[in-house]
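>>> Quick one, structure for this:
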Amino acid sequence: MAEEQARQRWTRTLIAVYGPTVLASVGFGAVIPLIAIQARALGASVGVAAFITSLTGIAQVIGDLPAGFVTDRVGEKYSIVLACLVDAAVMSVVFCSHSLPVLAGAVFCHGLTGAVFGLARQTYLTERIPLGWRARAMSTLGGVMRIGWFAGPLAAAAIINRWNLTTAFGFAAGMSLIAAIFTLTMPDLPGEGHGLEAIRQRSRADHARTLSVLRTNRRVLLTLGVGCLALQLIRAVRQTIIPLWCEAHGIPAATTSLVYSMSMGLDVLFFFPGGLIMDRLGRRWVTLPAIATMSIGLLLLPSTHQTLTIALVAALLGLGNGVSAGIVITLGADVSPTYGRSQFLAGWRLFADSGTAIGPLVVSAVAAAAGLPASALAVGAIGLAGTWWLSRYVPHRTETRV
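Next comes the predicted model:
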């Protein structure tokens, strides 16, 4: 009887955590590919449209440390609710307004809410899930986000075909609103009150100072954190360089989409096996093979010139990315201290999100100076250096910190 109740409690927890993530990710996935198109429709040049699109990543980096402050004061559950409500509001503004500055401001706010949403989910799972299940829980979190990102563009295509482009932003607002309501079903963390009482308890509690926490944990951040920055850089480059490489070789856009979708399919297929390996054998058994596989794939890319060979490299990159789903947030949870956890994870995510933002910039800079093949080789070399770096600092055994 007790076992059955425990299983029901965990089932409720997992559905309450992953449900809002799927819903919000479908909304995010629907609008992210449309930002540049909407900007162009409002009269922006190609350069301005690209800049507005990049505001999401920029805002996420800027918002990482403040997200730690918000999560620590408000709590994980209500931080997610707040992020979803604000995102629903800004997407509604885009739906109702036809102004380029409003679109830019909304995209920036979307990045800030993404920082709060991501940190609060990671902290909640770190607190709630037992260590023996942590990697599977985190990898599943990464997996359901990928499912949402995959389904979102399909939903947006159907909506645009039936109505118009701005309606997709209204759809995203609705998904964020439903995610906020769904989040209210999440169980409170042990020892916390309910509703406003939980927030009052947080406000009265002793709060760690962000800079003090980061200073205390600077060795972990400057070793393992830098390695994860390299891993995120490789992941971000994959999303940029495969479409560019296909375009450079005259592959039609429809075929390019199929190649990219196949790579994304492997992402979704391998996320849970990766988490299982991490929990059973250790984090190194996924971290090092994953970054090495993606680095080798990028080094092989300049030697591919046909659709089939490019697709094989894209598959290799998708395999490495899929099996390592959730590894960065898992490692962050493993090394996070109990006191000041939200502030530490905010700093941890700052490193990871910086890698995501830097990756496309590296491709752009090297490609402008020496061509697209050189950019693939340069990032592949960075990945191999990151593999060596992580081999020094990824722990052999999984332990928690006090």
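
>>> Against N164, how distant is L103?
Distance of L103 to N164, computed by C-beta to C-beta, to the nearest Å: 15 Å. Every residue, glycine included, has its C-beta placed from N, CA and C.

>>> so where's the stretch 301-402 of the chain shaky on pLDDT?
398-402 (pLDDT under 70).

>>> What segments of the protein are strands?
Assigned by DSSP state E, the strands in the chain number zero.

>>> Which residue ranges make up each domain of it?
As given by automatic domain parsing, the domain ranges for the chain are 1-204, 208-402.

>>> is it true that I52 touches G105?
No - the criterion here is C-beta atoms under 8 Å, and I52 misses it with G105 at 9.8 Å.

>>> And those two? Which one has more around it.
I52 (24 against 17; other C-beta atoms under 10 Å).

>>> got the contact list for the more buried one?
For I52, the contact set (C-beta atoms under 8 Å, 6 or more residues apart in numbering) comprises 35-36, 39, 44, 100, 103-104, 107.

>>> For L103 and N164, work out which one has more neighbours and name it.
L103 (25 against 10).

>>> where does the more buried one land on pLDDT?
For L103, the model assigns a pLDDT of 92.

>>> Check whether it really touches Q38, as I assumed.
Yes - using C-beta under 8 Å, L103 makes contact with Q38 at a distance of 6.1 Å.

>>> what is in contact with the two at once?
Common neighbours of L103 and Q38 (C-beta under 8 Å, 6+ apart) are V94.

>>> mind showing which ranges of this protein have poor pLDDT?
1-13, 46, 188-207, 253-254, 257, 398-402.

>>> The stretch 51-200 of the chain: helices as residue ranges?
76-96, 100-128, 134-162, 165-183, 196-204 (DSSP state H, counting those that start in this stretch).

>>> Dump those into TSV; add distance to L299 as well.
Formatted as TSV, the helices of the stretch 51-200 of the chain follow (distance: least, C-beta to C-beta, whole Å):
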stretch	distance to L299
helix 76-96	38
helix 100-128	30
helix 134-162	25
helix 165-183	37
helix 196-204	48
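
>>> Tell me which of the ones you listed lies nearest to T293.
Closest approach to T293 among the helices of the stretch 51-200 of the chain (C-beta to C-beta): helix 134-162, 16.2 Å.

>>> which helices and strands does that closest one pack with?
helix 2-31, helix 100-128, helix 165-183, helix 253-281, helix 327-335 (3 or more C-beta pairs under 8 Å, 6 or more residues apart in numbering; DSSP states H and E).

>>> Buried residues of the third one, list them for me.
This means helix 165-183. 166, 168-180, 182-183 (16 or more other C-beta atoms under 10 Å).

>>> just curious, which of those is nearest to S342?
Nearest member of the buried residues of helix 165-183 to S342, counting by C-beta to C-beta, is T183, at 17.1 Å.

>>> gap between the closest one and L300?
In terms of C-beta to C-beta, T183 sits 43 Å off from L300.

>>> likewise R209?
Taken as C-beta to C-beta, the span from R209 to L300 is 47 Å.

>>> and if you look at A376?
The gap separating A376 from L300 is 9 Å, by C-beta to C-beta.

>>> more crowded one of the two?
A direct count of neighbours by other C-beta under 10 Å for A376 and L300 places A376 higher, at 27 against 17.

>>> That one contacts L299, correct?
Yes - with contact defined as C-beta under 8 Å, A376 reaches L299; the gap is 7.3 Å.

>>> Please work out which of the helices and strands packed on helix 134-162 is packed deepest.
Of all those, helix 327-335 has the most neighbours on average by mean count of other C-beta atoms under 10 Å, namely a mean of 26.

>>> what helices or strands is that helix leaning on?
Looks like helix 327-335 contacts helix 100-128, helix 134-162, helix 226-248, helix 253-281, helix 284-300, helix 341-370 (3+ C-beta pairs under 8 Å, 6+ apart).

>>> Output the ones you listed in a markdown table; the columns should cover distance to A315.
Output for these, formatted as a markdown table (distance: least, C-beta to C-beta, whole Å):
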| stretch | distance to A315 |
| --- | --- |
| helix 100-128 | 27 |
| helix 134-162 | 15 |
| helix 226-248 | 11 |
| helix 253-281 | 6 |
| helix 284-300 | 9 |
| helix 341-370 | 20 |
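
>>> Out of these, which is closest to V22?
helix 134-162 (5.0 Å).

>>> For that closest one, list every residue counted as buried.
Neighbour-count burial for helix 134-162 [16+ other C-beta under 10 Å]: 134-150, 152-153, 155-156, 159-160.

>>> try stretch 303-311
304, 307, 310-311.

>>> re the thing from before, which one of the helices and strands packed on helix 327-335 lies nearest to L384?
helix 284-300 (4.9 Å).

>>> Which positions in the closest one come out as buried?
Under 16+ other C-beta under 10 Å, the buried positions of helix 284-300 are 284, 286-300.

>>> quick one on the thing from earlier: dump the helices and strands packed on helix 134-162 into CSV; add distance to C228 as well.
Formatted as CSV, those follow (distance: least, C-beta to C-beta, whole Å):
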stretch, distance to C228
helix 2-31, 21
helix 100-128, 13
helix 165-183, 27
helix 253-281, 14
helix 327-335, 5
